[in-house]
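Visitor: Got a predicted model here, sequence first, then my questions.
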Amino acid sequence: MTTPIGDPKAAKINPDRVAALTKSMEESLRLRTRKSGEYVERAQKVLPGGVASSFQEQSPHPIYIVEGQGSRVVDLDGNEYTDFHNGFGVMVVGHAHPLIAKAIADAASKGTHFAAPNQVAVRVAQELVRRFRLPQVRFSNSGTEATLDAIRLARAFSRKEALLKIEGSYHGHHDAVMVSVHPDPSEIGPRAHPVSVPQSAGIPKALIDLTSVVPFNDPDALEAALVANPNIGTMIIEPIMLNIGVVTPNPGYLAEVREITRRHGVVLIFDEVKTGATIAAGGAVERYDVVPDLIALAKATGGGTPIGAILGTDEIMAQITNGTVAQFGTFNGNPLTMAAAEMALTEVLSEQAYRRLDQIGQRMVDGCQQVCDRYGLPAYAIGVASKGCVMFADERVVDYRSYAQHFNDDLNYLGWLYHMVNGVYMTPGADEQWTLSVAHSDAEIEHFIDVFEEFARDVTSG
């Protein structure tokens with residue numbers, strides 16, 4: 001934890017200076033990416049916001065990427081960046097990895113789609129079973145589909161309709177989980193009785209009423225919620241919260257969640273869409289040695305291609321076999337995706353690769369923390385293997401409520417601008433700031449830290 005605000009060692013951040021630096025850096029980025037800005041104006045005629053997904057929107061305008069190789073990407077203006085965005089965590093394998101590119105090309109040469117079983121899907125499933133310690137797998141095409149299927153399976157198995165999720169977590173954009181994802185703090189109610197807040201218009205109130213929320217890292221709140229509502233049969237949780245920076249579980253918290261849900265007969269789902277294949281071979285299951293009833297996977301699991309997967313116990317997954325629960329998808333197990341996933345999981349993301357991610361991930365955290373301490377920046381660095389960020393908060397964030405109280409969006413945005421202007425491609429917004437890849441060099445890690453130091457020096461001076 002860095003020095004708290006109010007300590008004599010802490011820097012006094014001048015909001016006017018932050019605003020002036022932000023205006024200057026925005027203009028620099030706008031000028032560097034002029035062609036993207038012009039193209040957005042054309043795109044807006046056919047794409048809302050000029051982008052294919054609202055996650056791609058950013059200020060001063062969306063930036064079009066035209067090429068990626070290894071740890072580098074190039075934008076429409078020809079600017080080259082070291083990529084710490086990595087497709088919202090998908091590209092842990094690096095861009096255009098030759099083994100994965102060849103596997104996709106070989107598969108494509110034999111046919112891109114059949115909607116029929118293929119042998120590679122079986123081998124990928126076997127590898128996922130080995131990594132995540134659950135015996136049955138079904139594929140889908142995205143994290144949203146994976147969590148949707150997992151919740152349907154859990155509801156059918158528990159025979160209870162109500163769902164419990166963590167306040168401030170994102171689990172995809174289907175209606176059941178678009179609740180209290182990033183709610184206005186004025187609407188969330190008291191901690192003892194959190195209010196379920198819809199994240200979007202168009203979600204039926206009946207579904208909102210079926211989804212309750214509890215704070216992360218609070219087993220007592222979980223126990224109280226399950227006692228208060230015996231109709232809850234399913235809980236979904238990100239083992240590490242990655243929708244508000246990086247918030248790790250307190251020691252023993254996930255084991256307590258496992259014990260409490262089991263005692264109440266609640267099916268426990270780990271949403272490992274972001275942590276699966278990125279923080280360890282077996283994701284959070286391996287890292288924290290806690291096995292849930294169901295796991296939802298996507299993102300990095302596919303080696304850069306669209307994928308989703310649901311892993312579960314024999315008893316829960318038998319509902320698919322016997323026809324009790326429907327689980328469909330025209331592109332499930334698509335041969336191109338399966339070829340990329342197999343190569344990523346069995347050849348690229350090896351034990352050596354995870355040791356490397358641990359090493360450079362720790363260097364990122366240590367280097368950024370040293371900068372925070374050196375300049376008295378009201379922030380701290382945190383990460384697990386390839387996932388990490390600088391949390392611009394004057395106190396440790398343990399859940400959404402502490403995030404809403406202490407996180408400084410203005411500093412976060414200015415830090416993002418500094419990196420983008422200095423050739424470091426970053427995730428926009430308050431999501432995890434970086435995802436490392438096996439392609440990153442030590443020099444690129446040091447460059448990131450150097451840019452962060454330039455930001456810290458400028459924002460704390462004067």
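Guide: Sure thing, it's come through.

Visitor: Doesn't Y81 belong to a strand?
Guide: Yes. Counting by DSSP: H, G, I helix; E, B strand; the rest coil, Y81 is part of a strand.

Visitor: That one is in contact with G423, isn't it?
Guide: Yes. Y81 lies in contact with G423 (Cβ atoms under 8 Å); the separation is 5.2 Å. Where C-beta positions appear, they are placed from N, C-alpha and C, glycine not excepted.

Visitor: So those two - more neighbours on which side?
Guide: Y81 (21 against 16; other Cβ atoms under 10 Å).

Visitor: number of nearby residues for the closest residue to that one other than its chain neighbours?
Guide: Ranked by Cβ to Cβ, 6 or more residues apart in numbering and with sequence neighbours excluded, the top spatial neighbour of Y81 is Y425, at 3.7 Å. If you count neighbours by other Cβ under 10 Å, Y425 ends up with 23.

Visitor: Contact partners for Y425?
Guide: When contacts are counted by Cβ atoms under 8 Å, 6 or more residues apart in numbering, Y425 touches 65, 73, 81-85, 419.

Visitor: need the residues you listed in CSV with distance to S24 and pLDDT, can you?
Guide: Formatted as CSV, the contacts of Y425 follow (distance: Cβ to Cβ, whole Å; pLDDT from 0 to 100):
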residue, distance to S24, pLDDT
I65, 24, 95
V73, 24, 98
Y81, 20, 98
T82, 22, 98
D83, 24, 98
F84, 22, 97
H85, 23, 95
H419, 15, 96
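
Visitor: what's the weakest-modelled helix or strand in the chain?
Guide: Lowest on mean pLDDT, DSSP states H and E among the helices and strands of the chain sits helix 34-43, with a mean of 91.

Visitor: What distance do you get for V179 to P292?
Guide: From V179 over to P292 the distance is 20 Å, taken as Cβ to Cβ, to the nearest Å.

Visitor: try G68
Guide: Per Cβ to Cβ, G68 is found 34 Å from P292.

Visitor: Setting aside sequence neighbours, what's the nearest residue to S196?
Guide: Closest residue to S196 apart from its sequence neighbours, by Cβ to Cβ, 6+ apart: V179 at 5.0 Å.

Visitor: since we're on that neighbour, how many residues are nearby?
Guide: By other Cβ under 10 Å, 26 other residues sit near V179.

Visitor: residues contacting it?
Guide: V179 neighbours (Cβ under 8 Å, 6+ apart): 165, 196-199, 203, 208, 211, 213.

Visitor: most centrally placed residue in this protein?
Guide: K274 (4.1 Å; Cα atoms, centre = their mean).

Visitor: Test my guess that that one contacts P239.
Guide: No. K274 is beyond contact range of P239, at 9.5 Å (criterion: Cβ under 8 Å).

Visitor: what residues are up against T435?
Guide: T435 makes contacts with 84-86, 88-89, 91-92, 278, 386-387, 427, as judged by Cβ under 8 Å, 6+ apart.

Visitor: bridging residues for F270?
Guide: With DSSP bridges applied, F270 shows beta-bridge pairing to I237, I295.

Visitor: so what's the spatially closest residue to F216 that is not a sequence neighbour up against?
Guide: Spatial nearest neighbour of F216, chain neighbours left out: D399 (4.2 Å); criterion: Cβ to Cβ, 6+ apart. By Cβ under 8 Å, 6+ apart, D399 lies in contact with 166-168, 215-218, 241, 247.

Visitor: Tabulate those residues (CSV), appending neighbour count and distance to A344.
Guide: Formatted as CSV, the contacts of D399 follow (neighbours: other Cβ atoms under 10 Å; distance: Cβ to Cβ, whole Å):
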residue, neighbour count, distance to A344
I166, 26, 28
E167, 28, 33
G168, 25, 30
P215, 20, 35
F216, 28, 29
N217, 20, 32
D218, 20, 35
M241, 26, 25
V247, 26, 27
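
Visitor: which one of those sits closest to T346?
Guide: If you rank these by distance to T346 using Cβ to Cβ, M241 comes first, at 29.7 Å.

Visitor: thought that closest one was touching Y170?
Guide: No. The pair M241 and Y170 fails to qualify as a contact (Cβ under 8 Å) at a distance of 9.3 Å.

Visitor: Pull out the buried members of the contacts of V179.
Guide: 165, 196-199, 203, 208, 211, 213 (16 or more other Cβ atoms under 10 Å).

Visitor: Just the ones of these in helices?
Guide: With DSSP state H as the criterion, helices contain I208 from among these.

Visitor: Just the closest of the buried ones among the contacts of V179 to L436, please.
Guide: Set against L436, the nearest of these by Cβ to Cβ is K165 (27.9 Å).

Visitor: in what helix or strand does V73 lie?
Guide: Here V73 sits within strand 72-75, counting by DSSP states H and E.
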